[in-house]
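Trainee: Got a predicted structure plus its sequence, pasted below:
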Protein chains: 2
Amino acid sequence: MDSCVIPLRHGGLSLVQTTDFFYPLVEDPYMMGRIACANVLSDLYAMGITECDNMLMLLSISQKMNEKEREQVMPLMMKGFRDAAEEGGTSVTGGQTVINPWIIIGGVASVVCQPSDFIMPDSAVPGDVLVLTKPLGTQVAVNAHQWMDIPEKWNKIKLVITKEEVEHAYQEAMLNMATLNHTAAALMHKFNAHAATDITGFGIIGHACNLAQQQRNDVAFVIHNLPIIAKMAAVSKACGNLFGLLQGTSSETSGGLLICLPREQAARFCAEMKSSRLGFSGALGQDGGPGDGQQAWIIGIVEKGNRCARIIDKPRIIEVPYRGSVIGTQESSNNNASPHEVQLT
Amino acid sequence: MDSCVIPLRHGGLSLVQTTDFFYPLVEDPYMMGRIACANVLSDLYAMGITECDNMLMLLSISQKMNEKEREQVMPLMMKGFRDAAEEGGTSVTGGQTVINPWIIIGGVASVVCQPSDFIMPDSAVPGDVLVLTKPLGTQVAVNAHQWMDIPEKWNKIKLVITKEEVEHAYQEAMLNMATLNHTAAALMHKFNAHAATDITGFGIIGHACNLAQQQRNDVAFVIHNLPIIAKMAAVSKACGNLFGLLQGTSSETSGGLLICLPREQAARFCAEMKSSRLGFSGALGQDGGPGDGQQAWIIGIVEKGNRCARIIDKPRIIEVPYRGSVIGTQESSNNNASPHEVQLT
């Protein structure tokens, strides 16, 4: 499970908590702080938990940074983390900081709640559909962005993408990683979700397999559609499928939730995601509001099976356009059907 | 405070939690795991909390270790951590592991409890006495042990200590660091402690100052006696007082609790510490039992003052003998008065 659930000695309550820490992967310290916080909270959100009682921050400062660099970078990173925590309705009250060769950022999220507050991720049934709440491809976008400065790497992908597009894909990845899965967690209750997990280091197929193995019923997850940040599928192919993006093994950071929903609820779930206020409303300089929400996609189905997950041969690639830019929005829109129109072939 | 205390939405309960992580400082991976766990739990014990609902383990494996080294070292470290957690009546149910240049070990301890379960560390009054539950000098002992292999370092201290004594001091430090402050936490309730903290990275004076600043009454802490692992005061002096051990600034790892107790309770507190079963009973190959407990010392007094702490000029050094060995036990016993005989000059 994404979080541990500890029965307490008091009135049927449980302590649910999770921890995560990792190394910076974007250049903007403030955004890195937000991403780290979103990534920690995501493990609670994957269980349908929408409240968090407390967060601790785990930090290491790199010994290779001089005093000035530390003073510039670390407060921004901490502010990003705190701001995201506040957006999630919680706050950071403690933590630990050490000196280390590499920068580390992460945290702990804890909540004490009643059984009705969380959804045990074990109740998928044949006939459910699989919904994904953020596009894939964050690792490819982050790497492509680094490769712009490395000619031998850049030469491999420059035929399929421009530098401007890489910049936009990187921004898009950063926004997605910094977005809390809070709305999705709340809607899991409203639309009777049967199980969910969040997509992170093991890629969508790794986490789908893991979720399938936890099911009480004999089910298998079959993924038909892969929503991917625009052009990242082409980049992945151009560099010899280095990441396994189309096989679902490409690592994601602070990815979306993969949710098993009753078929009749899924389209409405996606519609409400879209009409909700954008979690990280400041990101696009907008105030949120109807239509500014997050996109979600029906990407597969739950069949009878032996607790495994697979992607079909030749899955449909949904090119997810960059927000806050025109690049990709028109060209890709052929592929970018609205969620309830997506056909499961 | 050593832990954060978060009021919950349920029935007057609070979530108390803490996190700590650091780098190995002893060579034995199993003992290192125990020390890391004792160090994390110590922040709860300092608040008089004797139960822990859940622990998470934070680990990084060094990228410089080969596969064989990893397989030998990391499971032992994890076992030490888990064994100490079990001894503390709790268990480890989650965590995170990453690869890093340096090994990291630490954890998170959380408990949901009622107000009566913890003692807010803010109620010291003039007339209280200060009790310390482990001797000082862990940093000096660990460093001296490393210096045995570095001639230019060893030459500085070899006139005041033998290699055999260093080995015993190191073992003693390791045992102390691996001992849970659980008994002390339980006795804080029984003997009506007014405030406490645990002694770690800032040394006894740093933590005493910190505790003094949190007091509601106008008090000052005055330390008269310094219980120190035998010979470590001499080693500290011989190397030019590098650590500030006698000034109270020498860093400790998983140190004892510094507790403000009503004067009339302190001697009985120390006596019950001594007669309790030793927390880490396996350490000496003994089964615990009366008289195998932990020593504690009355080290100072609480006066009227402006929320500061100080060590008197020429404090009395209490040479704490090595357990499980004869070295130091006789020679030092002149100085090693039983706790209720210690005079506050």
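Mentor: The structure has been received and is ready for your questions. Residues are numbered from 1 along each chain as shown, chains lettered A, B, ... in the order given.
Trainee: centroid residue for chain A?
Mentor: The residue lying closest to the centre of chain A (Cα atoms, centre = their mean) is residue A:255, at 1.4 Å.
Trainee: Residue A:220: helix or strand, and which one exactly?
Mentor: Here residue A:220, judged by DSSP states H and E, is contained in strand A:219-229.
Trainee: Excluding its own residues, what touches the helix or strand following that strand? List them.
Mentor: Using DSSP H and E, the helix or strand that follows strand A:219-229 in sequence is helix A:232-238. Under the contact criterion Cβ atoms under 8 Å, 6 or more residues apart in numbering or on different chains, helix A:232-238 has outside partners A:136-137, A:140-141, A:144, A:156-157, A:159-161, A:169, A:226, A:242-243, A:245-246, A:250, A:317, A:319. In this view, the C-beta of every residue, glycine as well, is placed from N, C-alpha and C.
Trainee: Return the residues in contact with whichever residue of the stretch 101-250 of chain A sits closest to chain B.
Mentor: Closest residue of the stretch 101-250 of chain A to chain B, Cβ to the nearest Cβ: residue A:101 (4.0 Å). Neighbouring residues of residue A:101 by Cβ under 8 Å, 6+ apart: A:62-64, B:100-102.
Trainee: send the alpha carbons of the longest helix belonging to chain A over as PDB?
Mentor: Longest helix in chain A, counting residues (DSSP state H): helix A:67-87. As requested, the backbone C-alpha atoms of helix A:67-87 are provided in PDB (Å, rounded to 0.1, in the frame of the first residue of the first chain):
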ATOM      1  CA  GLU A  67      27.100  29.700   1.900                       C
ATOM      2  CA  LYS A  68      25.500  32.000  -0.700                       C
ATOM      3  CA  GLU A  69      24.100  29.200  -2.700                       C
ATOM      4  CA  ARG A  70      22.700  27.600   0.400                       C
ATOM      5  CA  GLU A  71      21.000  30.900   1.400                       C
ATOM      6  CA  GLN A  72      19.500  31.300  -2.000                       C
ATOM      7  CA  VAL A  73      18.400  27.800  -2.700                       C
ATOM      8  CA  MET A  74      17.300  26.100   0.600                       C
ATOM      9  CA  PRO A  75      14.800  28.800   1.800                       C
ATOM     10  CA  LEU A  76      13.000  28.700  -1.600                       C
ATOM     11  CA  MET A  77      12.900  24.900  -1.500                       C
ATOM     12  CA  MET A  78      11.500  25.000   2.000                       C
ATOM     13  CA  LYS A  79       8.900  27.700   1.000                       C
ATOM     14  CA  GLY A  80       7.700  25.600  -1.900                       C
ATOM     15  CA  PHE A  81       7.300  22.600   0.400                       C
ATOM     16  CA  ARG A  82       5.400  24.700   3.000                       C
ATOM     17  CA  ASP A  83       3.200  26.400   0.400                       C
ATOM     18  CA  ALA A  84       2.200  23.100  -1.100                       C
ATOM     19  CA  ALA A  85       1.500  21.700   2.400                       C
ATOM     20  CA  GLU A  86      -0.700  24.700   3.100                       C
ATOM     21  CA  GLU A  87      -2.500  24.200  -0.100                       C
END
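Trainee: Whichever helix or strand comes after that helix pairs with which strands?
Mentor: From helix A:67-87 onward toward the C-terminus, using DSSP H and E, the following helix or strand is strand A:92-100. According to DSSP bridges, strand A:92-100 has the following sheet partners: strand A:54-62 (parallel).
Trainee: Name the residues of the stretch 1-150 of chain A found near chain B, please.
Mentor: Residues of the stretch 1-150 of chain A that fall close to chain B, judged by Cβ under 8 Å from any Cβ of the partner chain: A:3-4, A:6, A:8-11, A:13, A:15, A:17-23, A:53-54, A:56, A:58, A:93-96, A:98, A:100-102, A:104, A:106, A:108, A:110, A:112, A:114.
Trainee: can you do 7 Å?
Mentor: By the rule Cβ under 7 Å from any Cβ of the partner chain, the part of the stretch 1-150 of chain A lying against chain B is A:4, A:6, A:8, A:10-11, A:13, A:15, A:17-22, A:53-54, A:56, A:58, A:93-96, A:98, A:100-102, A:108, A:110, A:112.
Trainee: Now the buried members of these.
Mentor: A:4, A:6, A:8, A:10, A:13, A:15, A:17-22, A:53-54, A:56, A:58, A:93-96, A:98, A:100, A:102, A:108, A:110, A:112 (16 or more other Cβ atoms under 10 Å in any protein chain shown).
Trainee: about what we covered before: could you list the buried residues of the strand holding residue A:220?
Mentor: A:219-229.
Trainee: who are the neighbours of it, in terms of helices and strands?
Mentor: Judged by 3 or more Cβ pairs under 7 Å, 6 or more residues apart in numbering or on different chains; DSSP states H and E, the packing partners of strand A:219-229 are strand A:129-132, helix A:163-178, helix A:203-213, strand A:297-304, strand A:308-320.
Trainee: from the chain's centre, how far out does the first one sit?
Mentor: What separates the centre of strand A:129-132 from the centre of its chain is 14 Å, taken as Cα atoms, centre = their mean, to the nearest Å.
Trainee: Just the buried positions in stretch A:173-180, please.
Mentor: A:173-180.
Trainee: Tell me the span between the first and last residue of stretch A:155-163.
Mentor: Stretch A:155-163 has an end-to-end distance of 12 Å (criterion: Cα to Cα, to the nearest Å).
Trainee: rewinding a little: and the residue of the stretch 101-250 of chain A closest to chain B, how far is that from residue A:32?
Mentor: Taking Cβ to Cβ, to the nearest Å as the measure, residue A:101 falls 17 Å from residue A:32.
Trainee: do the same with residue A:71
Mentor: Distance from residue A:71 to residue A:32, by Cβ to Cβ: 16 Å.
Trainee: if you count what's nearby, which of these two comes out ahead?
Mentor: Applying other Cβ atoms under 10 Å in any protein chain shown to residue A:71 and residue A:32 shows that residue A:32 carries more neighbours, namely 25 against 11.
Trainee: where's the more buried one relative to chain B, distance?
Mentor: 16 Å (Cβ to the nearest Cβ, to the nearest Å).
Trainee: Next, count neighbours for residue A:16.
Mentor: 25.
Trainee: Surely it and residue A:8 touch.
Mentor: No. If you go by Cβ atoms under 7 Å, residue A:16 and residue A:8 don't touch, sitting 10.4 Å apart.
Trainee: residue contacts, residue A:198?
Mentor: A:2, A:42-43, A:45-46, A:181, A:255, A:257 (Cβ atoms under 7 Å, 6 or more residues apart in numbering or on different chains).
Trainee: same thing but 10 Å
Mentor: A:2, A:38-39, A:41-47, A:133-134, A:181, A:184-185, A:207, A:211, A:252, A:254-259 (Cβ atoms under 10 Å, 6 or more residues apart in numbering or on different chains).
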